[in-house]
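K.L.:
dropping the sequence and predicted coords here.
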Amino acid sequence: MIDIIIDTNVLVAAMKSRNGNSFKLLSMIDGSHWRMNISTPLVFEYESILKREIEAERAQDCESLIDYICLVGTAHQIFYLWRPMLKDPKDDHILELAVKSNASIITWNVRDFGLASQFGIKVFTPAELLQKGF
């Protein structure tokens, strides 16, 4: 089983369309295909961005998704900060979580996580992860 961290842009894409790889990936987060890793800052980011990006009438869907992620996700506390490290400093907490949990990062912005490989962290798009058959 592979450990993963799902970047917020993947959740937004999944909530906007049921036809893409992001939705397919999220439909498989029950723990039988991969183990999802979360942290408090990541869950807060999920909540903040989903509320901003998804129309108000789907707010309950967003809350239900976040609740489910918190239920099935493996929570980690991060006791160190390596900032700034990445192209987008707002993504540093994701890299820190990946190092702590030894997880791969799933994102549509692979280039933003260029330094992840220095820590032995793999970065995939949702399509790449699904193609690998994990």
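P.N.:
Sure, I can see it.
K.L.:
relative to its centroid, which residue of this structure is most remote?
P.N.:
Glu57 (23.4 Å; C-alpha atoms, centre = their mean).
K.L.:
shouldn't that residue be within a strand?
P.N.:
No - under the criterion used here (DSSP: H, G, I helix; E, B strand; the rest coil), Glu57 is helix, not part of a strand.
K.L.:
relative to Val123, how far out is it?
P.N.:
Remark: distance between Glu57 and Val123 (C-beta to C-beta, to the nearest Å) = 33 Å. Where C-beta positions appear, they are placed from N, C-alpha and C, glycine not excepted.
K.L.:
wait, Thr107 sits on Val10?
P.N.:
Yes - contact between Thr107 and Val10 holds when scored by C-beta atoms under 8 Å: they sit 6.4 Å apart.
K.L.:
of the two, who's got more company?
P.N.:
Val10 (25 against 22; other C-beta atoms under 10 Å).
K.L.:
so after the one helix or strand that one maps to, what's the next helix or strand?
P.N.:
Assigned by DSSP states H and E, Val10 belongs to helix 8-16. Remark: after helix 8-16, the chain's next helix or strand is helix 21-26, criterion DSSP H and E.
K.L.:
now do that next one: which elements does it pack against?
P.N.:
In terms of contacts (3 or more C-beta pairs under 8 Å, 6 or more residues apart in numbering; DSSP states H and E), helix 21-26 is packed against helix 8-16, helix 126-132.
K.L.:
for that helix, which positions count as buried?
P.N.:
Asn21, Ser22, Phe23, Leu25, Leu26 (16 or more other C-beta atoms under 10 Å).
K.L.:
what of stretch 33-51?
P.N.:
His33, Trp34, Arg35, Met36, Asn37, Ile38, Ser39, Leu42, Glu45, Tyr46, Leu50.
K.L.:
narrow the residues you listed to those in helices?
P.N.:
Leu42, Glu45, Tyr46, Leu50 (DSSP state H).
K.L.:
stretch 68-80 - what's its average pLDDT?
P.N.:
In this model, stretch 68-80 has an average pLDDT of 94.
K.L.:
start to end distance for that stretch?
P.N.:
27 Å (C-alpha to C-alpha, to the nearest Å).
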